[in-house]
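**Q** Requesting a structural model of the entry that follows:
(chains A, B and C)
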Amino acid sequence: MSALMAVAIGILFAASIYMMLRRSIVKLVMGLILLSNAANLVIFTSAGLTSGAPPLLDAATKQPPAGVADPLAQALILTAIVIAFGVLAFSVVLIHRANEVVQTDDLDQMKETDQ
Amino acid sequence: MLDSIVYVTMGFIGVAMVGTFWRLIKGPTIVDRVIAMDKLFVYSIGLILCLGMAEHTSLYYEAALLIATLGFISTTAMCKYLLRGDIIE
Amino acid sequence: MNIAWIIVLPLLGVIAPLLANPTRRNQVAWITAVLPFAALLITLYHAPAILAGEVVQQTWYWIPQIGLTLSFRMDGLALLFTLLILGIGLLIILYARYYLSSKDPMGRFYSYLILFMAAMLGIVNSGNLLQMWAFWELTSISSFLLIGFWSSTGKARKGARMALTITGAGGLALLAGILLIGKVVGSLELEAVLNSGRLLVEHQWYPVILALVLIGAFTKSAQFPFHFWLPHAMSAPTPVSAYLHSATMVKAGIFLLARMFPVLSGHDAWFVTVSLVGLATLLLGAYTALFKHDLKGLLAYSTISHLGLITLLLGMGTELAAVAALFHIVNHAVFKASLFMGVGIIDHETGTRDMRQINGLFKYMPHTAVLCIVAALSMAGVPLLNGFLSKEMFFAETLEQSAIGALSWLIPLLATIAGALSVAYSLRFIHDVFFNGEPKGLKKTPHEPPRYMRIPVEVLVALCILVGIFPALLVGDLLKSAGVAVLGGTLPYIPLYIWHGFNLPLLMSALALAGGIGIYARRKVLFQFQSHFKEVDANERFDAWLYQVITFIRRIEALIDKRSLQYYLAWLSVALLILLAAPLLNLSLVGDNVVITPLTAEVWAGTALIAIAALATVVNNRRRLFAALLISIVGLGVSLAFARFSAPDLALTQISVEVITTILLLLALFFLPQTTPKESKPGRLLRDIGLAGIFGGIMATLTYAMLTRPIETISDYFLANSKTGGGGTNVVNVILVDFRGFDTFGEITVLGIAALGIYKLTAGMRLFLPATNEDGLPWSRDKYPLILKQVSQSILPLALLISAYIFLRGHNLPGGGFIAGLITAIAIVQQYIGHGNDWIQKRFYANYVGFIAAGLSIALLTGLGSWLWQKPFLTSWFDYFTWPVFGKFELASAMLFDLGVYLTVVGAAMLILAKLGQLTVVEPYSEKED
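**A** Take a look at the predicted model:
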């Protein structure tokens, strides 16, 4: 199971990097989405893979059942997911704005804006 | 008895997912793919509910509920894009 | 009163002039003056204790482990400077009121001025070296703003830039020096550094530390060879010059020398460097001043020269010399400020500062003339004026020193020559401007300035005379306490009186006076001689030098920077690989925690779904919509993975964000360019595949290695205290709204900022819809299909209900503000998709910015609320209540915080999506509604 998860994460990373290395803006954006998914999964797995034991307390005993999943990693990812959306939206608009100036979808051409 | 039925059901759903996924990759038109995606959402609902039954917990119920509601919205957005190009007019 | 107020009050005062009514100029000046005046009162309140030898201190610890404190410390030296800064500063405020024309933005000017004042006060009163450095930099920045105040003129901009470059570079050197001092002494607290005795001098790093600190001081104080920025800073408004170049900016460097005197002097390197640099500056400044036709140019070089004199005194190493330096700091500040103000008046009334044009002004403005003459005589060192006293002490000390060994006899000689030159240029100032015939070619007839414009000059000139006659009475105590601070305990007897009898210093003074008169009388010859030398424009040279540096750096940059995101990314991956190579080679892939979990079919299927969808995205990256669709599948797969591995909260969040991202991506697909650039060359493809493969491989390896090792969790505390401390059984949610509530607050703030940024970026943006889709087919005519409309509308209440349900149960079961907010946003977006903008706007006025503001305010107020109960920020509270119908239920302040999260998320998501959706305004093809 661990190996499988690791391979899936590796593929996600590879796919995102490849997409980001393309010259098109759209692909860059897609690469970013994949990258955030991949990163979230890594953080998630860093706390171990637990089956069937979400981090919820028993209301009566006020204590967790044995062997529940690590809540901290989950809390971190939860905000990361939402923030990733905000950042993605921001970068989309920013890239578009730049694109408006240079009139190209080719990221290799976009350096002209620096001048 | 119920447990084994649940597992058999999951197996069937799995097969259906594989088939749908094949359709999604294969196409040939984009409409086929959108429908395939919608179906994948539906199968996921089934899978999650079965998982909940197998583990005797109701915690996954909301996830299924959300996929049902929101997956649909995803599909309509795709359709709107196909029809009009601009999804919010 | 806390001495921190002395800095804080002026800092607050930065906004005061901006609040005043800009058309009421008196009001602006008054409001500006109030807070510095209050600071002056506080200073005077502390003065008796400090004069008695106490050191007033105030320290707040921030991160004491690494030496970061907020610490204020006022001793005699700081007191002397504080009085100068505040006293002259207040006079400058009054003066500037009349100097600035009604066209100048007065509020802004005062605001910069007060900022500068606060920064200077910060330098002299800091008890921590790093903090002092921060204020040091602030003076560089605020003086940049002040010098470039008339930014429409190129001269002002260039002068400001040059001052900033030189003093800024010096500041960096100083920072390095301070950090080294901190390393050697083990503390950055001034108290500790000053008590370190000869530790620094004997340390092997001493030469480096000394060089760095001296570069900082010399650049700031315009010492040779960094002196050239100061004359160019004269393009500032005259009140600024009067302030910066008499009492403050340039004195900061001198202050630093005096402050570090106890621990850095006492070594030959100090004596030789400081005294020779001071001597060179003294002579160069005095000589150049003689040939300046511009009044402010003359004063600028004279300032350089006097700063050189003070530096020389500090470099001589005798105790009395240090005291003389302090005395001259005060005297120079007083007479130079009054001279600058006088020149400002002349400039104001005649419209020029060229001494070849302004002559014989005594007739037109006798009152101002007398003031200027007295101040100039003080500058020349004429008896009965304050300048004479410190110059006399200076002459006396030049005879005492042995800084440059056998050649030490040169110093008194050169000092006398410099004295003569200073007499000569003072004389030139007096004679050329106020006598010497009639003015030539003036545009207006000069007359006396407004009454109140002269008051600051009068005050300062009165001080020149009073200090000149009653030195011991007026500044004796101040000098003593400052001297104790600089010399550390042992204070020599200070001969603060006018008549010392006939001695060698007096002879030197007389020689200087006679020589000065002689030089001035023979000035024609000198001018003739000087005209053989081409005048070097420091500005041009500086620009040329700057240009060379920039070109050089550009060339290096061009070698390593191709200005391409792909290029950066490629390098980043390679660097990562190199960094990780060694650890990876030493890492055994499998740790000792190999848990063989039976591989179930759904895990197989799920991971395969993610992996195949990701790979398919790559393969199909040229078909945009298909790729978008596949990414949506990846998101779904990840969400399933979260659900499978015990993270229901994450599964819910992921699926909501997935939908919202899909909508965003569809919007983006529409407005990002439709055409795709040509496919890259095979070589590049291969390189990218290689890079991506390596990167993915590394990540997979690391993940696997991580998964096979024992996990040490730090979550036990959260698990144990979630219910008892936070009142909820859903630990993830309790962490978000309670344990780590401050983080969450930061995160929703970021989200809000991102949304606002998008809102601003899209302002005025317009998008044109292409007439056909990618395959060339025309779009459907039906904007809002009936079925879509009906379904969208009916889904709204359902989705809102789910959202409310998810929100309310969040504290105890999977859910919470984040997820509920996303669901609500999606439900509303669906209405936009189904019905369009106009339909929504008719029915529902949605101020999404308001949502964000309300959400953040609620979260913040919930946090602040805990202060009412004397608890730290964001301490949560919960209790159980019983209501008749509902039964027992729980109320928690965390719920309110979560409501803030909810509103912010809804507002941000909607602001982003609705704004992007509204961008299409004009449609380039004609369309008839059916």
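
**Q** Next, work out how far apart B:Ala16 and B:Thr9 are.
**A** Computed with Cβ to Cβ, to the nearest Å, the distance linking B:Ala16 and B:Thr9 is 10 Å. The C-beta positions use only the backbone N, C-alpha and C, and glycine is treated the same way.

**Q** list the contacts for the closest residue to B:Thr9 other than its chain neighbours?
**A** Once flanking residues are discounted, B:Thr9 sits nearest to B:Cys50: 5.5 Å by Cβ to Cβ, 6 or more residues apart in numbering or on different chains. Listed by Cβ atoms under 8 Å, 6 or more residues apart in numbering or on different chains, the contact partners of B:Cys50 are B:6, B:9-10, B:13.

**Q** Relative to C:Leu298, which of those is nearest.
**A** C:Leu298 lies nearest to B:Ile13 out of these, by Cβ to Cβ, at 92.6 Å.

**Q** Can you verify my assumption that that closest one contacts B:Leu47?
**A** Yes. Taking Cβ atoms under 8 Å as the definition, B:Ile13 is a contact partner of B:Leu47 at 5.3 Å.

**Q** more crowded one of the two?
**A** B:Leu47 (25 against 21; other Cβ atoms under 10 Å in any protein chain shown).

**Q** List the residues that contact the more buried one.
**A** Contacts of B:Leu47 (Cβ under 8 Å, 6+ apart): B:10, B:13-14, B:17, C:602, C:640.

**Q** Out of those residues, the closest to C:Ala49 would be?
**A** C:Leu640 (72.5 Å).

**Q** quick one: C:Arg73 is in a strand?
**A** Yes. Read with DSSP: H, G, I helix; E, B strand; the rest coil, C:Arg73 is one of the residues of a strand.

**Q** where does it land on pLDDT?
**A** Listed pLDDT for C:Arg73 reads 92.

**Q** ok, and the closest non-adjacent residue to it?
**A** C:Gly127 (3.2 Å).

**Q** Pretty sure C:Ala78 is one of the things the one you found touches, is it not?
**A** No. Contact criterion Cβ under 8 Å: C:Gly127 and C:Ala78 do not qualify, at 9.4 Å.

**Q** can you pull out the strands in chain B?
**A** Along chain B, no segments are classed as strands by DSSP state E.

**Q** Pick out the residue in it sitting closest to chain C.
**A** Minimum separation of chain B from chain C (Cβ to the nearest Cβ) falls at B:Ile88, amounting to 2.6 Å.

**Q** Please name the residues that touch that residue.
**A** B:Ile88 sits next to C:667, C:829, C:832-833, C:836-837, C:913-914, C:916-918 when contact means Cβ under 8 Å, 6+ apart.

**Q** Wait, C:Leu478 touches C:Thr82, no?
**A** No. Using Cβ under 8 Å, C:Leu478 is not in contact with C:Thr82, being 10.8 Å away.

**Q** ok, those two, which is more surrounded?
**A** C:Thr82 (26 against 20).

**Q** what packs against the helix or strand that contains the more buried one?
**A** In this structure, C:Thr82 sits in helix C:76-99 according to DSSP states H and E. Under the contact definition 3 or more Cβ pairs under 8 Å, 6 or more residues apart in numbering or on different chains; DSSP states H and E, helix C:76-99 sits against helix C:25-51, helix C:106-125, helix C:238-242, helix C:249-264, helix C:319-350, helix C:451-469, helix C:471-487.

**Q** Restrict the fourth one to CA atoms and write it as CSV.
**A** Coordinates of the C-alpha atoms in helix C:249-264 are reproduced here as CSV (Å, rounded to 0.1, in the frame of the first residue of the first chain):
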residue,chain,number,x,y,z
MET,C,249,21.8,63.2,9.4
VAL,C,250,25.5,63.9,9.1
LYS,C,251,25.9,63.9,12.9
ALA,C,252,24.6,60.4,13.0
GLY,C,253,28.0,59.2,11.8
ILE,C,254,29.8,61.3,14.4
PHE,C,255,27.4,60.0,17.0
LEU,C,256,28.3,56.4,16.0
LEU,C,257,32.0,57.3,16.4
ALA,C,258,31.4,58.8,19.8
ARG,C,259,29.1,55.9,20.8
MET,C,260,31.7,53.3,19.9
PHE,C,261,34.6,55.4,21.2
PRO,C,262,34.9,53.5,24.5
VAL,C,263,35.2,50.1,22.9
LEU,C,264,36.7,50.7,19.5
